[in-house]
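Visitor: What follows is a predicted protein model with its sequence.
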Amino acid sequence: MSSDLFSPRIPDDVAKRRPLADRLRPTSLGEVTGQSHLTGEDGALRRMIASGTLGSMIFWGPPGTGKTTVARLLSGETGLAFEQISAIFSGVADLKKVFETARLRRMDGRQTLLFVDEIHRFNRAQQDSFLPVMEDGTVILVGATTENPSFELNAALLSRARVLTFRSHDEESLGELLNRAEQAEAKPLPLDEDARATLLRMADGDGRAVLTLAEEVWRAARAGEVFDTAGLTEIVQRRAPVYDKGQDGHYNLISALHKSVRGSDPDAALYYLARMFDAGEDPLYLGRRLVRMAIEDIGLADPQALVVCNAAKDAYDYLGSPEGELALANACVYLATAPKSNAVYTAFKSAMRAAKENGSLLPPKHILNAPTKLMKQEGYNEGYRYDHDEPDAFSGQNYFPEKMGRQTFYEPVERGFERDIKKRLDWWSKLRRERGEP
């Protein structure tokens, strides 16, 4: 039986039809673009190679930044055997086979670089299975993840591996990839200057995406045709934003929205709100988060903020999308431009802490009702002063448990409506002092 059956030659015409991103895959670390902090002359990976030893690593970064390619190149530059598995398609049995092969290879004097794509998708037990083979040197693990390793990977695994961050491509490195593509295809990309810049933005920092988009443009172009931005948008139908509603993209954008509101920047807040709408986020989730911001960051500096947010949520329920989204945008701008106070937020946390620390203290007896004769004999309700019968409708009595003494949790700020609240509290404090109350 011919050996060609087991290692068939790929015909030239088939090889040419390979995706552009595959054909332009770098063959050395020096050809890797956009990651000079790792692969440049003074980059972290270059220094590891120069030292003659590699440790286990976690490659963390967005899609299309070269994580898989760099892992392959590392094995080539260090003479390590390369094994690749994906956490999406592999289970415990697959891991055992890979580990056994690596052990046999180690006995022959060669170490294995094991590249695990989407490593965060392995469960805790599967992640723990890597620990023994990492510790005894059977494998050098290189895991790749698009998710924050701090949240997705076991502490034990992270303690044995160095996290290296891959950055999204900027316009310069994406432009370099397009230049390489044009050289490989021996023809320019049929786009005018503005459309070319638009294509770079559509790639959203993803090197693989920019090459895929370029291929779509070449396929669509007729002889001599050059597309403007409108034509480009029509051809590629715009690539969806990189956003996973359950993962990092979701939390990064909601954090940016919240902090923009807190920082009183309505333009930035609207931008992030629009980003999340555009990515398909549930509008009612955004409505709930706006309500949270009204409570936490505006508070009593503008009591209407909570009313406005609840009304916006009701308006969305009534109108639906897309009209109802404008109601949420109104609420977002209202919050960003409202006076800010977290005084009640911090006061509530302090009160909760005091409640837990002081146990089940009995309130002072003078504010307890005495519905029975025994309770009256015990002094319940004795000495209570009805505030509406007092001068200024204020008795100034102490309402805290006697063992605690009077506490101060709420400190209103000198902004918005809380400025008036502060004046009121200061007036009552003055009356207490004048009447000799604690």
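Guide: Nice, thanks for sending it over.

Visitor: quick one: contacts for residue 413?
Guide: 301, 340-341, 343, 419, 422 (Cβ atoms under 8 Å, 6 or more residues apart in numbering). C-betas here are computed from N, CA, C, even on glycine.

Visitor: One more pass at 6 Å, please.
Guide: Taking Cβ atoms under 6 Å, 6 or more residues apart in numbering, we find residue 413 in contact with 341, 343.

Visitor: what about it, which SS state?
Guide: Using DSSP: H, G, I helix; E, B strand; the rest coil, the structure places residue 413 in coil.

Visitor: Next: residue 115.
Guide: strand.

Visitor: just residue 261 next, same as before
Guide: helix.

Visitor: From residue 300, how far out is it?
Guide: Distance, residue 261 to residue 300, by Cβ to Cβ, to the nearest Å: 17 Å.

Visitor: thinking residue 296 is in contact with residue 345, fair?
Guide: Yes. Using Cβ atoms under 6 Å, residue 296 makes contact with residue 345 at a distance of 5.1 Å.

Visitor: For residue 229, see how far away residue 189 is.
Guide: 14 Å.

Visitor: Ignore what I typed, I meant residue 180.
Guide: Residue 180 is 23 Å from residue 229, by Cβ to Cβ.

Visitor: With residue 64 instead?
Guide: Taking Cβ to Cβ, one finds residue 64 at 22 Å from residue 229.

Visitor: who has more neighbours, those two?
Guide: More crowded of residue 64 and residue 229, by other Cβ atoms under 10 Å: residue 64, with 24 against 16.

Visitor: For my notes, confirm that one occurs in a strand.
Guide: No. Assignment of residue 64 by three-state DSSP gives coil, placing it outside any strand.

Visitor: Give me the neighbour count for the residue nearest to it when sequence neighbours are not counted.
Guide: Spatial nearest neighbour of residue 64, excluding adjacent residues (Cβ to Cβ, 6 or more residues apart in numbering): residue 206 at 3.2 Å. Neighbourhood size, residue 206 [other Cβ under 10 Å]: 21.

Visitor: Tell me the pLDDT of residue 323.
Guide: Residue 323 is assigned a pLDDT of 86 by the prediction.

Visitor: and stretch 106-123, how far out from the chain's middle?
Guide: Chain-centre distance of stretch 106-123: 27 Å, with Cα atoms, centre = their mean, to the nearest Å.

Visitor: correction: stretch 394-412
Guide: 42 Å.

Visitor: average model confidence for stretch 371-390?
Guide: Here the average pLDDT along stretch 371-390 is 87.
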